[in-house]
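[1] sequence plus predicted model, see below.
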Amino acid sequence: MAERAEVDVLIIGAGPTGLTTANLLADAGLSVALIEANPGSGDEPRAISATDETLRVMQHLGIMDRLAPEMLMDTGARYFGLGGKVIADVRPGNPRLGQPGKSQFDQPVLEGLLYEAATQREQISLHFNTSATSITQDEHGVRVAATRLGERSLGYNGALAGDSGLQSAPPENSPVTELEFNASWVIACDGGRSFTRRELGIGLQGSTQVERWIVVDLLDVPGNPEPFASFHCNGTRPAVVVPGVNGRRRYEFMLFDHEDGQAMISTESITKLVTPYQDISTVTVRRATVYTAHQRIADSYRSGRVLLAGDAAHLMPPFAGQGLNAGIRDAVGASWRVAAVVKGEANESIIDDYATERRPHAADMVKLSKRIGWVVMNTNPVVTRIRDAVVTGTRVLPALNRWLTQMRFLKQPHYTTGTVTSALPGVPHLAAEFIGRSLPQPDISVDGEKTKLDELLGAGWNLMEVSAGHRLVFTDQLGNTRTALDTGRVFDTATGTVLLIRPDFYVAGIAPARERQALLQSLISKVPALRDFDTALRH
């Protein structure tokens with residue numbers, strides 16, 4: 001007889017997206033089960049770039065104090081053209097969200113910290129060595145059948161597994177146990193080869209990149225890393241070099257059609273590829289593998305009570321560094337909505353807003369990654385010369401040069417449809433630009449002490465009034481208020497208004513301060529819980 005478990009939400013897949021989703025749902029007060037086919041969190045350094053939005057989420061999950069020392073913070077990119085000439089230095093503009101715009105991290109470290117955070121949240125039940133085998137659902141919930149190899153396992157931190165002596169997997173002759181999970185909702189974060197996506201018959205749009213790349217991750221690299229990744233668009237064998245802290249460094253080299261992938265990751269081949277960039281004799285090769293990037297997005301992000309997130313929903317080349325970051329945005333966008341529906345705070349129609357908001361932006365990131373890849377990978381001698389001339393030529397056009405060098409081509413999410421509402425009459429045009437964007441997180445002053453803005457936000461929805469004298473007044477759903485000074489004058493354009501802030505820190509709407517009741521009413525049809533907010537304000 002199958003072992004059974006009843007939970008609010010089942011997460012399938014314990015990568016960074018799945019672990020982030022589980023932690024966020026637990027923090028919202030839901031019971032969560034997480035199943036993962038592997039025996040522990042990942043130990044492969046795949047994703048390597050984190051945006052300020054991702055780090056803001058890690059800040060709220062309480063792991064930034066341990067993650068930051070393992071990161072190369074506030075990095076940019078340097079592009080080298082033909083002959084090794086620098087054609088562009090690229091760095092994100094002024095950060096808005098309280099963290100550096102772009103930083104380099106080590107995925108096993110991040111994933112291990114997220115795993116440890118999950119083990120510390122009592123609402124999360126972990127099931128490693130466990131694979132989903134079928135999914136059935138009706139209007140009331142989802143039933144997921146699964147099998148577990150060996151005894152019940154809570155998993156382990158893959159980043160530390162090499163030091164712990166833990167076995168990588170249970171013996172093949174271990175007993176198999178049938179499991180049954182009954183959940184109100186399922187969020188599938190089970191990767192590019194998603195079982196869930198196939199089981200539900202959800203197709204993928206897009207293509208597979210023709211070009212193959214070798215990824216070589218090194219340890220024990222001496223010296224202090226420079227704060228930028230190097231893109232060698234040399235027209236012969238394009239390469240990317242990404243630095244890290246604590247002796248980590250990544251090299252990526254494009255392969256040609258006639259080259260054998262396995263032969264090219266031999267010790268002799270790797271030495272030949274890396275030597276032009278550094279001495280490889282004293283370093284350790286952590287990993288060498290061949291990958292072919294995909295440019296695909298799921299036809300749908302939802303099937304009934306099952307949502308797709310992360311690589312299960314979209315696959316993109318690595319050149320824009322957006323794969324993991326898009327997955328973390330999915331985790332946040334899905335989790336707060338599911339939590340609101342489970343707790344009776346929002347109507348189920350709000351779930352559809354998840355795809356309405358996230359899918360177009362993910363599609364844009366797939367396209368951008370493909371375009372950057374074309375710039376980097378081009379080996380046509382005529383095209384590469386033209387490319388170099390065009391990029392360097394932007395220096396005589398300041399606006400275009402800022403667009404390129406400050407990474408303005410990397411569009412931040414701006415939701416104009418979904419769980420947002422139009423600005424009410426009387427809101428200045430510049431203030432209306434806050435709607436649908438992530439709320440800035442500057443340092444602000446509370447009783448003369450500097451603190452990050454998010455420290456003043458309560459759980460759930462918040463109102464933030466911007467009044468004269470750069471004064472900010474925060475009100476949570478219980479009617480609690482806190483006051484601060486916007487010492488950086490970030491919100492001056494919104495003086496005299498009130499902003500409605502969603503649980504994911506996006507601005508849902510804005511109104512003149514005297515119209516806050518009307519602002520709440522504009523979204524009450526989707527989020528009835530705002531009526532309680534309204535009542536608290538009246539008292």
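    That came through, no problem. Numbering: from 1, shown residues only.
[2] which other residues reach stretch 349-358?
    300-302, 307, 313, 329-330, 333-334, 337-338, 340-341, 413, 415, 417-419, 526-527 (Cβ atoms under 8 Å, 6 or more residues apart in numbering). Every C-beta, even on glycine, is put in place using the N, C-alpha and C of the backbone.
[3] return the members of those classed as buried.
    301-302, 307, 313, 329-330, 333-334, 337-338, 340-341, 413, 415, 418-419, 526-527 (16 or more other Cβ atoms under 10 Å).
[4] which sections of the stretch 301-450 of the chain are below the confidence cut-off?
    Residues of the stretch 301-450 of the chain that meet the criterion pLDDT under 70 lie in 319-321, 374, 390, 394, 396-410.
[5] ignore what I typed, I meant the chain.
    For the chain (pLDDT under 70), the answer is 1, 161-168, 208-210, 319-321, 374, 390, 394, 396-410, 534-539.
[6] hmm, residue 235 is touching residue 384, no?
    Yes: using Cβ atoms under 8 Å, residue 235 makes contact with residue 384 at a distance of 4.1 Å.
[7] joint contacts of those two?
    82, 378.
[8] could you pull out the strands for the stretch 101-250 of the chain?
    Along the stretch 101-250 of the chain, counting by DSSP state E, counting those that start in this stretch, strands occupy 102-104, 124-137, 142-153, 176-188, 204-219, 228-232, 239-243, 249-254.
[9] buried deepest among those strands, which one?
    Mean neighbour count (mean count of other Cβ atoms under 10 Å) peaks for strand 102-104 among these, with a mean of 25.
[10] elements contacting that one?
    If you count contacts as 3 or more Cβ pairs under 8 Å, 6 or more residues apart in numbering; DSSP states H and E, strand 102-104 packs onto strand 49-51.
[11] pull up the pairing partners for the strand it packs on, direction included.
    According to DSSP bridges, strand 49-51 has the following sheet partners: strand 102-104 (antiparallel).
[12] which residues touch the partner strand?
    48-52, 55, 71-76, 91-92, 229, 242-245, 321, 407.
[13] do the same with stretch 15-22
    Counting by Cβ under 8 Å, 6+ apart, residues outside stretch 15-22 touching it are 11-12, 14, 32, 34, 36, 41-42, 47, 57, 61, 107, 110-111, 114-115, 117-118, 121, 124, 187, 189-191, 309-311, 324, 327-328, 330-332, 334-335.
[14] out of those, which end up buried?
    11-12, 14, 32, 34, 36, 41-42, 47, 57, 61, 107, 110-111, 114-115, 117-118, 124, 187, 189-191, 309-311, 324, 327-328, 330-332, 334-335.
[15] which of those fall within helices?
    Judged by DSSP state H, helices contain the following of the buried ones among the contacts of stretch 15-22: 57, 61, 107, 110-111, 114-115, 117-118, 324, 327-328, 330-332, 334-335.
[16] one step back: will you turn the strands of the stretch 101-250 of the chain into CSV that also has distance to residue 371?
    What follows is the strands of the stretch 101-250 of the chain, written out as CSV (distance: least, Cβ to Cβ, whole Å):
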stretch, distance to residue 371
strand 102-104, 18
strand 124-137, 35
strand 142-153, 38
strand 176-188, 29
strand 204-219, 12
strand 228-232, 13
strand 239-243, 16
strand 249-254, 16
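[17] out of the ones you listed, flag the one nearest residue 511.
    Counting by Cβ to Cβ, residue 511 lies closest to strand 176-188 out of the strands of the stretch 101-250 of the chain; the figure is 32.0 Å.
[18] just the strands in the stretch 301-450 of the chain please.
    Under the criterion DSSP E, counting those that start in this stretch, strands of the stretch 301-450 of the chain are mapped to 302-303, 306-308, 314-315, 443-446, 449-452.
[19] out of those strands, nearest to residue 393?
    Nearest of the strands of the stretch 301-450 of the chain (Cβ to Cβ): strand 314-315, 33.3 Å.
[20] what is that closest one packed up against?
    Against strand 314-315 (3+ Cβ pairs under 8 Å, 6+ apart) you get strand 284-298, helix 323-342, helix 349-377.
[21] sheet partners, orientation included, of that strand?
    Sheet pairing of strand 314-315 (DSSP bridges) gives strand 284-298 (antiparallel).
[22] quick check: buried residues in the strand it pairs with?
    Buried residues in strand 284-298, counted by 16+ other Cβ under 10 Å: 285-286, 288, 290-291, 293-298.
[23] out of these, which comes closest to residue 179?
    Of all the buried residues of strand 284-298, residue 298 has the smallest distance to residue 179: 25.9 Å, by Cβ to Cβ.
[24] can you verify my assumption that that closest one contacts residue 206?
    No: taking Cβ under 8 Å as the definition, residue 298 is not a contact partner of residue 206, at 9.7 Å.
[25] I figured residue 132 hits residue 146, correct?
    Yes: with contact defined as Cβ under 8 Å, residue 132 reaches residue 146; the gap is 4.9 Å.
[26] what do these two both touch?
    Here residue 132 and residue 146 have residue 35 as joint contacts, going by Cβ under 8 Å, 6+ apart.
[27] and the nearest residue to residue 69 once chain neighbours are set aside, how far is that from residue 105?
    For residue 69, ignoring the flanking residues on the chain, the nearest one in space by Cβ to Cβ, 6 or more residues apart in numbering is residue 245 at 7.6 Å. Applying Cβ to Cβ, to the nearest Å, the value for residue 245 to residue 105 is 9 Å.
[28] now do residue 441
    From residue 441 over to residue 105 the distance is 19 Å, taken as Cβ to Cβ.
[29] of these two, who's got more company?
    Just comparing residue 441 and residue 105: by other Cβ atoms under 10 Å the higher neighbour count belongs to residue 105, 25 against 21.
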